[in-house]
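S.K.: Have a look; sequence and predicted model below, questions after that.
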Amino acid sequence: MMELHRLFGLTLTNYFTDSAYRVELEKDLSLKKQLLDVVIIEQQTSGQVPELPDGLENLARYNLLTYKSLHQTLDSWVLDELVGHYVNYRKQNSPSLEKLLPVEDFRLYAVSTRQPEKLATEISLVLLKKGVYETLWGTHRIRVVVLSQVPEIERNAIWQMFSGIAEKVQYDAAHYHWRQSNHSTVINDLYQYYQVEGIAMPYTWDDYYKDFTKRHLDRLTTEERLKGLPVEERLKGLPVEERLKGLPPKALLQRLSAEEIEAYLKKLRKRKRKRN
């Protein structure tokens, strides 16, 4: 099964598709492999910015995210690591160590599925809005986003699927619109993850697949919609008149034997005599 951190990154990749930002996953920042979960980068080419979920309203040129899932702890050490990633990333992407990119070009985010109770005892978390906090860590302001607490509104649908709460995941499945349809399979792996963790999902993958197909059916051509259906299924429910519409008489007669044609003509003559 695909690791949850990668699913999280792929979902953000999808979310920023065709926007003013691009996403890089698992950025290797040192000779000793250390992976930063997500980097959201402003692109130089013009592009629309989607309605951002709660906590990401202040995106800068480079946005570094660390993510802690259902059974992981967001604590002070995680923030230390995030700042360390920031230092490495800034050095690697600057023209030189003497000419570093401006501090203002960077934002730091710590995203957690559940409330970071331990962190709350170690530092002061300032509540900005429901589920979104900010803390001053050294000289850096870090946004802390708690996915299980953010409001259930459409712009937060991307957060809901990682909230660890079955009802919120269900909400996301009904409201999130995938910008790249091939990314939608992420939710299948995510449902499997929740099942392994013992979280009952009232909204199954089959339910999601059916809803997704219905929402995007208009993108398929008629041939694509009918592909794979046997002839009997295609014609099911159609009256005889509709089935024969458009066929020239010659094509219909060629499918009948001489005996069948003669028998039908006899019936027509008999009906005509009765009417007269």
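M.R.: Perfect, I can see it now.

S.K.: name the element K27 belongs to?
M.R.: strand 21-28 (DSSP states H and E).

S.K.: and after that strand, which helix or strand comes next?
M.R.: strand 35-42.

S.K.: looking at it, Y171 is touching Q160, isn't it?
M.R.: Yes. Between Y171 and Q160 a contact is recorded at 5.2 Å, counting by CB atoms under 8 Å. Quick note: C-beta positions are derived from backbone N, CA and C, even for glycine.

S.K.: Common neighbours of those two, please.
M.R.: Both Y171 and Q160 are contacted by E152, under the criterion CB atoms under 8 Å, 6 or more residues apart in numbering.

S.K.: The two: who's more crowded?
M.R.: Q160 (26 against 20; other CB atoms under 10 Å).

S.K.: Quick one: residues contacting the more buried one.
M.R.: Counted by CB under 8 Å, 6+ apart, Q160 has contacts 147, 150, 152, 168-169, 171-172, 175-176.

S.K.: Let's see which of those end up in helices.
M.R.: Among those, the ones falling in helices (DSSP state H) are 168-169, 171-172, 175.

S.K.: got the contact list for K27?
M.R.: Remark: with contacts taken as CB under 8 Å, 6+ apart, K27 is in contact with 35-36, 39, 89.

S.K.: let's see it at 10 Å
M.R.: Shown in contact with K27 (CB atoms under 10 Å, 6 or more residues apart in numbering): 34-39, 64, 85, 88-89, 92.

S.K.: cool, Q34 as well?
M.R.: Counted by CB under 10 Å, 6+ apart, Q34 has contacts 26-28, 81, 84-85, 88.

S.K.: Format the ones in helices among the contacts of Q160 as TSV; extra columns: pLDDT.
M.R.: TSV is the format used below for those (pLDDT from 0 to 100):
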residue	pLDDT
K168	78
V169	78
Y171	71
D172	74
H175	71
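
S.K.: How confident was the prediction at the closest residue to V38 other than its chain neighbours?
M.R.: Ranked by CB to CB, 6 or more residues apart in numbering and with sequence neighbours excluded, the top spatial neighbour of V38 is L65, at 4.1 Å. pLDDT for L65: 97.
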